[in-house]
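J.: Build the 3D model from these lines:
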Amino acid sequence: MRFPALLCAVALIAACSSTTERPYRLPYAGVVDVEIIRDHTDHQTPAEKMFDLKATQPDQVIVAAAPGWVREIEDGGNTAAPTNNYVWIEHPLDYCQPAGGGAPGGLAGNCRNCSEGPGLCNEWTLYAHMREGSVQNAPPNGAGLDIGDWVSEGQAIGVEGDVGCQQFTPPCTRHLHFTVFAFEVDSVLSTPTANGDYEEYAELHGRPERVPLFCTNAGLRLVETGEEHVPGPCPPL
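T.: Okay, here's the model as predicted:
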C-alpha cells in the first residue's frame, strides 16, 4: 500500500514531497499521554522538521515507530556528559532491496525500483536523549538491543531521558527528540555516525528530513506543538 497521497490528504501539507512514505507510531509504549513540545515548524535551529516529544509521566519506555533494523546505538552517555544517547533505525519500504538487504520474510514481488539505487530510498528514524544503558542493557534494565537487530513496530528500544541536554543553553529537560530522515544517494548505507554525531551527519547530507503522520489512538495525526496524543498502532502497509 502506498501512503503519500493519504499523508497529503490528512496532513493538508502544501509541500507533500516532504512527507514520509509511511505512517509512524507515536514512539511510546502503552497508554500514555504524550506532549508535543515542539513540532516540525518550530523546532529550534539548526534542526528542521524535527519533533520534541515528552510523556506526561517519567520513566516511559520508547518503542520503535515502525519495523526496521537497528543501525546505530549510542548508549553510554550520562547527564553529566555533553554527548548524546541515540538510536538509528532503518525502515524498509516496498523498494527492491540489494542482495541480503531485505526485511525478514522478504518483500512483495511487485517491489518498486529505487531511482537512487538499491537500498537508498528507505527512511530512517532517530531517537535521541535516551537514558544511559536503557538500549543495550539486558532486560529488565534495558531493551537488550544490538546494532543489526530487527525490531517490530511498538518494540521497546529504550527509556526517555535527558542525556545530551546539558549541551544546550538553557539545558533541556527529559524528552524524546524524534526525526525521520531519507538519506540521499551519496550517503550509501554506511553507519550514520561514521561521519560524527547525528547533527553532523545530517548537515553533511543536506538534512533530508521528512514530516511524519503519527499513529495515535484517534487515528493518523499531523501533531502540533501544545497538543497531547496517546500512541496507537499503525495500519498495515
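J.: Low-confidence regions, this structure specifically.
T.: The model of the chain has pLDDT under 70 over residues 1-17, 44-48, 81-82, 96-110, 116-120, 167-171, 183-208.
J.: mind redoing it with 50?
T.: Residue ranges of the chain with pLDDT under 50: 1, 12-15, 184-196, 205.
J.: And the strands in it?
T.: Assigned by DSSP state E, the chain shows strands spanning 24-25, 34-38, 51-55, 61-63, 68-74, 86-91, 123-128, 150-151, 156-159, 176-181, 209-210, 214-216, 219-221, 228-229.
J.: Looking at the ones you listed, spot the one closest to residue 138.
T.: Among these, the nearest to residue 138 by CB to CB is strand 156-159 (12.4 Å). Where C-beta positions appear, they are placed from N, C-alpha and C, glycine not excepted.
J.: Residues contacting the closest one from elsewhere in the structure, which ones?
T.: 29, 59-64, 70, 75, 85, 87, 89, 127, 130-131, 134-135, 142-143, 145, 151 (CB atoms under 8 Å, 6 or more residues apart in numbering).
J.: Adjacent strands (with direction) for that strand?
T.: Strand 156-159 pairs in its sheet with strand 61-63 (antiparallel), by DSSP bridges.
J.: Residues contacting the partner strand, please?
T.: 25, 27-30, 127, 130, 153-160, 176, 231.
J.: if we go to 10 Å?
T.: Applying CB atoms under 10 Å, 6 or more residues apart in numbering, the external contacts of strand 61-63 come out as 25-30, 32, 53, 55, 87, 127, 129-131, 134-135, 143, 151-161, 176, 178, 231.
J.: how many neighbours does the residue lying closest to residue 232 once chain neighbours are set aside have?
T.: Closest residue in space to residue 232, ignoring its immediate chain neighbours: residue 217 at 3.9 Å, by CB to CB, 6 or more residues apart in numbering. Residue 217 has 12 neighbours, counted by other CB atoms under 10 Å.
J.: Of the contacts of strand 61-63, keep whichever come out buried.
T.: Using 16 or more other CB atoms under 10 Å as the burial test, the contacts of strand 61-63 include 25-29, 32, 53, 55, 87, 127, 129-131, 134-135, 143, 151, 153-154, 156-161, 176, 178, 231 as buried.
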